[in-house]
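In: everything below, folded, please.
(one chain, ligands or ions: 3)
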Amino acid sequence: MILLEGVHTEADAAHFAASLLASFHEPLLRSQQTRVPTVAPQLVIGIAQASILYSHPEELMADAESALLHARRQEPPGVACYSQGMREKAVERLELEAELERAIRQGELVLHYQPEVDLRTNRIIGFEALMRWNHTRRGLLSPAEFIPLAEETGLIVSLGQWGLAEACRQLVEWRSTGSEPLQKARISVNLSGKQLEQPSLIGQVEKILAETGLPPACLRLEVTESSLISDGPAAQANMLALEKLGVGLHMDDFGTGYSSLDYLQRFPFDTLKIDRSFVRDIAWDHDSRLIVGSILALARSFGMDVVAEGIEDADQLEELKTMGCPCGQGFYFARPMDPAAIDAFIATGAWAYAAEALQTPIAQA
Ligand code: C2E
Ligand code: MG
Ligand code: MG
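Out: Ligands and ions are numbered 1, 2, ... in the order given. Below you'll find the predicted structure:
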């Protein structure tokens, strides 16, 4: 803890904090040698300003701590000053964390499934499993509302383990129903960076495959570029081991990270998922078309498959087909649905998207 006296505005304190953080990265001269200190990459500072409104020092410290939590979560992490509402947010997060632990134990997490379509045949080839939290009070929560928290707290490991096992179990059940297109379907499961760094990951995947009897090639693991940023040796070893097992590896949200091309070279991805921000404007925006065209060309030269994400209308689909994009998913085909809704959807036969049927949106679940 640092106590600053004689500082009059928050901006002065923030300025001091920023230069303090910067000073940790400056080289030190020690015994005639220059050393650059290594510091935790996410060194952060939270600031609270004393005032007569505080009756105990603990209150001031609690507010500085709320600001610290905020500083850690902002992009990029750094310095944050306390503002009204941060304390309530911090308390809410603590409650949510406790609830999430309970949710995992009590089975409140569910998976929804979104069809992936082969754009050349208009047929469903598989599903992406997307996690939801069926919260007792707050209803169905999207991953954005709990995955970042799960990642920060480490709960993502047990959460991800459950998701992986459940998605494989569901796929085996679907494949054994014998009905087309479930019979030959594959499943994509999202993996967080923390999971990828677990030395136990390969053992878990092997165990799930052995217990369910699922062919490894039917399992696809999706990794985003941002989850590879910490880029430890464990992640790379795990990716290579997964490839050896015969499990598919998708690079998710391709094009949105910092060093996409570098990752392509170092990790054995077999599929690129074009981020939906490039698909959104593809029907009219020249730049989006150029980017998608380059990604398709890149994938072809690396011998990789491509899935376009976020297809929402017929124009986007048409453009992607014209450009030769092999696969896609999006609300235009189907929204993510719970397993019962997927069963009902398959039973209607609407999944065999006829070209003319694709002129109007289908399956608004
Ligand atoms: P993602 O893996 O890129 O998943 C695609 C997201 O785009 C999903 O959001 C999906 O509902 C949404 N989407 C699909 N088609 C369309 C469309 O046509 N238009 C629009 N606007 N959106 C579309 P969702 O389910 O909210 O998931 C968000 C992210 O949360 C996922 O992005 C993934 O990174 C993460 N996530 C989901 N489930 C898991 C999980 O089990 N484990 C981990 N680690 N992350 C997960
Ligand atoms: Mg994904
Ligand atoms: Mg994505």
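In: which SS class is Arg220?
Out: strand (DSSP: H, G, I helix; E, B strand; the rest coil).
In: so who does it touch?
Out: Neighbouring residues of Arg220 by Cβ atoms under 8 Å, 6 or more residues apart in numbering: 126, 186-189, 247-250, 271. Backbone N, C-alpha and C define where each C-beta goes, glycine included.
In: among these, which one sits closest to Asp338?
Out: For the contacts of Arg220, the closest approach to Asp338 (Cβ to Cβ) belongs to Ile187, at 15.0 Å.
In: ok, that closest one - contacts?
Out: 126-129, 167-168, 170-171, 218-220.
In: rewinding a little: which among the contacts of Arg220 count as buried?
Out: Among those, the ones that count as buried by 16 or more other Cβ atoms under 10 Å are 126, 186-189, 247-250, 271.
In: pLDDT value on the nearest residue to Ile45 once chain neighbours are set aside, please?
Out: Spatial nearest neighbour of Ile45, excluding adjacent residues (Cβ to Cβ, 6 or more residues apart in numbering): Ala17 at 4.2 Å. Ala17 is assigned a pLDDT of 92 by the prediction.
In: where helices are concerned, which of the buried ones among the contacts of Arg220 count?
Out: Counting by DSSP state H, no part of those is found in helices.
In: pull the most distant pair out of the residues you listed.
Out: So, the buried ones among the contacts of Arg220 by Cβ to Cβ: farthest apart are Gly126 and Leu249, at 14.5 Å.
In: pLDDT below threshold where in the protein?
Out: By pLDDT under 70, the weakly predicted segments of the chain are 38-41, 230-231, 351-365.
In: can you list the residues of it near ligand 2?
Out: Neighbours of ligand 2 within the chain, by Cβ under 5 Å from the ion: 190, 222, 252.
In: any residue of the helix or strand the last one falls within touching ligand 3?
Out: So that's Asp252. According to DSSP states H and E, Asp252 maps onto strand 248-254. Yes - for strand 248-254, a contact with ligand 3 is found by Cβ under 5 Å from the ion, at 252-253.
In: hmm, back to that, just the contacts of Arg220 now: which is nearest Ser226?
Out: Distances from Ser226 to these, taken by Cβ to Cβ, are shortest for His250, at 14.4 Å.
In: next, the contact list for the closest one, please.
Out: 188, 220-223, 269-273, 307.
In: what's opposite it in the beta bridge?
Out: Listed beta-bridge partners, His250: Glu222, Thr271 (assigned using DSSP bridges).
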